[in-house]
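# Provided below are the primary sequence and the corresponding predicted coordinates.
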Amino acid sequence: MATARKRQVSLTDTKYYHCISRCVRRAYLCGEDKVTGQSYEHRRGWIEDKLLELAKVFCIDVCAYAVMSNHTHTVLYVNDIKAKRLSDKAIIIRWHKLFKGTILSHKFLQGERLDSAQQTFLNKDIEQFRERLASISWFMRVLNESIARKANKEDNCTGRFWEGRFKSQALLDEAALAACMAYVDLNPIRAKMANTPETSDYTSVKTRCEHAKKGKQPKHLARFAGSPRKHMPKG
C-alpha cells in the first residue's frame, strides 16, 4: 500500500521537496514522439506556464524546475508561515483563482452580512483553504490535472496522462537542496536536449540566466539571500 502523502511531507523536518511527475507509459507526450514524428513540444510550455502561475496563488515557492520530454522535475518550498499570516479575505481570493468557492465565500467577498451559523461554516472552509494553499499535494494535483485535461482535449481522448501520483523526496539539509537543484538544472544537458544551461528550454536555470542578463530577479522563482540555512529546520 502506498504511503499517504501527508506522512511523506513533514514541515518540521524540512520545507523543501523535490517532486517528479512522469507521463503514462513513459511516452513522448510532452516533447517529440520519435516514432510518429508528432511534436508535442508546446505542452512543455503549458506545464511551465501553469507551474509559475500556481506559484503566485499557492503559498509554495518554486526553487527550480525542468520540463523534460516525458517527465517534470520541481523543487518546491512550502511557505506555511505565509499561509498562516494571510487574512481570511486574501485566502478566499486566492482560492477563488483556482476553484469556484462556496456560496458563503462569495457572500463574504461581496460584503454581505452572515449570521453566526454561516460564519462558523465559512471559518471551517477558510481553514481548509488555508491548509490546502500550503499543501504540495494540492499544488501538484492542480498542476497535473489541468495539464491532463488540456492534453486529453487536444488528443480527443480520455484516460490517464500521468503515470500516477507524483513522487516526492524531502531535502533535509543545504547539501541535499544544492545537489538537487543542480541535478534539476542540468537535467536537459544530461539528456542531450541542450548544450548549456542558457539554452535549456523550459527550465528555471534558463529563466534565471535571461533575467540575470537584464539585471533582474524573476519574480516567480524563489530567491534566497546567500544561504538558505534560515529556511532549514534547526537541529
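Done, it's in. Keep in mind the model is a prediction, meaning the values are calculated, not measured.

# C-alpha only now, for contacts and for neighbours.
Will do.

# okay, now Glu174: neighbour count?
15 (other C-alpha atoms under 10 Å).

# what does the model give it for pLDDT?
On the pLDDT scale, Glu174 is placed at 92.

# I'd assumed Val78 was in contact with Ile136.
Yes - between Ile136 and Val78 a contact is recorded at 7.3 Å, counting by C-alpha atoms under 8 Å.

# Which residues are in contact with each of these two?
In terms of C-alpha atoms under 8 Å, 6 or more residues apart in numbering, Ile136 and Val78 are both contacted by the residues Ile60.

# Who's the closest spatial neighbour of Ser168, skipping the chain neighbours?
Excluding its sequence neighbours, the residue lying closest to Ser168 (C-alpha to C-alpha, 6 or more residues apart in numbering) is Cys19, at 4.4 Å.

# Contact partners for the one you found?
By C-alpha under 8 Å, 6+ apart, the contact list for Cys19 reads His73, Thr74, Val75, Leu76, Phe166, Lys167, Ser168, Gln169.

# Now the lengthiest helix in the chain: buried residues?
Criterion DSSP state H: the longest helix present in the chain is helix 136-155. Using 16 or more other C-alpha atoms under 10 Å as the test for burial, helix 136-155 gives Ile136, Ser137, Phe139, Met140, Val142, Leu143, Asn144, Ile147, Ala148, Arg149, Ala151.

# in stretch 95-103, what's buried?
Buried residues in stretch 95-103, counting neighbours by 16+ other C-alpha under 10 Å, are found at Trp95, His96.

# is it true that Asp33 touches Glu41?
No - with contacts counted by C-alpha under 8 Å, Asp33 stays clear of Glu41, the gap being 9.5 Å.

# for the residue lying closest to Ala222 once chain neighbours are set aside, what are its contacts?
Counting by C-alpha to C-alpha, 6+ apart, Ala222 lies nearest to Cys63, which is 5.0 Å off, once chain neighbours are set aside. By C-alpha under 8 Å, 6+ apart, Cys63 lies in contact with Thr74, Val75, Leu76, Tyr77, Met181, Ser204, Leu221, Ala222, Arg223.

# what angle do the helix or strand containing the third one and helix 136-155 make?
Looking back up the chat, that one is Leu76. Using DSSP states H and E, the element containing Leu76 is strand 71-78. Strand 71-78 runs at 150 degrees relative to helix 136-155, counting by axes from the mean of the first three to the mean of the last three C-alpha atoms, to 10 degrees.

# for strand 71-78, packing partners?
strand 16-22, strand 60-67, helix 174-185 (3 or more C-alpha pairs under 8 Å, 6 or more residues apart in numbering; DSSP states H and E).

# rerun that using 7 Å as the cut-off
When contacts are defined as 3 or more C-alpha pairs under 7 Å, 6 or more residues apart in numbering; DSSP states H and E, strand 71-78 packs onto strand 16-22, strand 60-67.

# Check the offset of the helix or strand following that strand from the chain's centre.
Using DSSP H and E, the helix or strand that follows strand 71-78 in sequence is helix 80-85. Computed by C-alpha atoms, centre = their mean, to the nearest Å, the chain-centroid distance of helix 80-85 equals 17 Å.

# CA atoms only: put the next helix or strand after helix 80-85 into PDB for me.
Using DSSP H and E, the helix or strand that follows helix 80-85 towards the C-terminus is helix 88-96. Coordinates of each C-alpha in helix 88-96 appear next as PDB, following Å, rounded to 0.1, in the frame of the first residue of the first chain:
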ATOM      1  CA  ASP A  88      -9.200  35.400   5.600                       C
ATOM      2  CA  LYS A  89     -10.100  37.600   2.600                       C
ATOM      3  CA  ALA A  90      -6.700  37.100   1.000                       C
ATOM      4  CA  ILE A  91      -7.100  33.300   1.400                       C
ATOM      5  CA  ILE A  92     -10.500  33.300  -0.200                       C
ATOM      6  CA  ILE A  93      -9.400  35.500  -3.100                       C
ATOM      7  CA  ARG A  94      -6.500  33.100  -3.800                       C
ATOM      8  CA  TRP A  95      -8.800  30.100  -3.600                       C
ATOM      9  CA  HIS A  96     -11.300  31.600  -6.000                       C
END
